[in-house]
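J.: What follows is a predicted protein model with its sequence.
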Amino acid sequence: MTETQASSKKGERIGEVRCQNCFERFSPALGADKALCPACGFEWLISWSGTLAKIRKPVWESWERQLAQVSKKG
């Protein structure tokens with residue numbers, strides 16, 4: 001893959017993040033502070049640099065709620 005191909009491939013993912021729980025890519029709403037992963041339901045704090053989104057950390061209340069539900073089932 002050439003440098004140009006790599007750059008265009010990376011540019012296609014602008015505004016997308018990868019869930020740190022299930023590793024699925026998703027696109028949070030532009031400028032959103034928080035976003036739910038549509039695949040697993042975990043909530044993440046998001047930061048933005050223009051249109052580039054980055055996951056900063058989990059929303060701990062959401063994680064605690066998810067983990068409590070899992071432990072009730074198991």
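T.: Thanks, I have it.

J.: ok, and for the one helix or strand residue 46 maps to, which residues are buried?
T.: The secondary structure element spanning residue 46 is strand 43-49 (assigned by DSSP states H and E). Residues of strand 43-49 classed as buried under the neighbour-count rule (16 or more other C-beta atoms under 10 Å) are 43-44, 46. All C-beta atoms are positioned from the backbone trio N, CA, C, and that covers glycine.

J.: a markdown table for these, including pLDDT and distance to residue 34?
T.: What follows is the buried residues of strand 43-49, written out as a markdown table (pLDDT from 0 to 100; distance: C-beta to C-beta, whole Å):
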| residue | pLDDT | distance to residue 34 |
| --- | --- | --- |
| 43 | 93 | 6 |
| 44 | 96 | 7 |
| 46 | 96 | 7 |
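
J.: which other residues reach the strand holding residue 46?
T.: Judged by C-beta atoms under 8 Å, 6 or more residues apart in numbering, the contacts made with strand 43-49 from elsewhere in the structure are 17, 19-20, 28, 30-37, 53-59, 62-63.
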